[in-house]
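Engineer: Predicted model and sequence below, questions to follow.
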Amino acid sequence: MKKIQKNNVVIYQAKSGEKEALELVRMFADTWMSLDAYDKEALDIRKPTKKKVALTGALLTESVAVLKTELMTKGEATDLFATERSRNALEGIVGNVMQAFGGADVYPSVESKAAHLLYFVVKNHPFVDGNKRTGAYSFVWFLSRAKVLDTKRLTPEALTALTLLIAESNPKDKDKLIKLVMMLISKK
């Protein structure tokens, strides 16, 4: 940095390499804040979507069957993909995500439901094979049905990273991860 004094005002002028660094700092400013908030367990969930979205285990199971057929056709999955370990395992997860208590949804926003759906499918291993892929698919399928899927915020690479982060996470960090997912998909 070069220090310049002009009319009793001190101005710091960046050198060429520093200009590039400052531009990166500005471009990713939200990242620095989010990483700090994650460490402090103070992630900011913007405006959660409160609208009602119908989701049943049967609907999701039917959609996962389409995914399975598509992947098998491309040679990207075997017959074991999305085969439930126990009968109605996916329906049980959907039931947990959509449950209500005392007339109020346990997970009150679309983002909360979606984040829990991703987490539970990935971590509970309801399938013999394909839990991460099916969890990621279920997550974006639900967001799409709710008409809140924003592919500018949630890129395929970001979805891959989130899914792997959840898969490798310690279960004691569940609430932190749910908040991280919600922060990434909620509107500003």
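Structural biologist: That came in fine, so what should we check first?
Engineer: And this protein, what are its domain boundaries?
Structural biologist: Domain segmentation of the chain under automatic domain parsing yields 2-39, 57-185.
Engineer: List the contacts of Pro126.
Structural biologist: Applying Cβ atoms under 8 Å, 6 or more residues apart in numbering, we find Pro126 in contact with 84-86, 89-90, 92-93. The C-beta positions use only the backbone N, C-alpha and C, and glycine is treated the same way.
Engineer: roughly how far is the longest helix along the chain from the heart of the chain?
Structural biologist: Longest helix in the chain by number of residues (criterion: DSSP state H): helix 57-73. Chain-centre distance of helix 57-73: 20 Å, with Cα atoms, centre = their mean, to the nearest Å.
Engineer: Would you mind extracting the C-alpha trace of that helix into CSV?
Structural biologist: In CSV, the C-alpha atoms belonging to helix 57-73 read as follows (Å, rounded to 0.1, in the frame of the first residue of the first chain):
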residue,chain,number,x,y,z
GLY,A,57,-43.0,-40.2,0.7
ALA,A,58,-44.9,-41.6,-2.3
LEU,A,59,-44.2,-38.5,-4.4
LEU,A,60,-40.5,-38.5,-3.6
THR,A,61,-40.2,-42.2,-4.0
GLU,A,62,-41.7,-42.0,-7.5
SER,A,63,-39.3,-39.2,-8.4
VAL,A,64,-36.3,-41.1,-7.1
ALA,A,65,-37.4,-44.0,-9.3
VAL,A,66,-37.2,-41.7,-12.3
LEU,A,67,-33.7,-40.6,-11.2
LYS,A,68,-32.7,-44.3,-10.8
THR,A,69,-34.0,-45.2,-14.3
GLU,A,70,-32.1,-42.2,-15.8
LEU,A,71,-28.8,-43.0,-14.1
MET,A,72,-29.1,-46.7,-15.0
THR,A,73,-29.8,-45.9,-18.6
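Engineer: Quick one: mean pLDDT over it.
Structural biologist: Averaging pLDDT along helix 57-73 gives 95.
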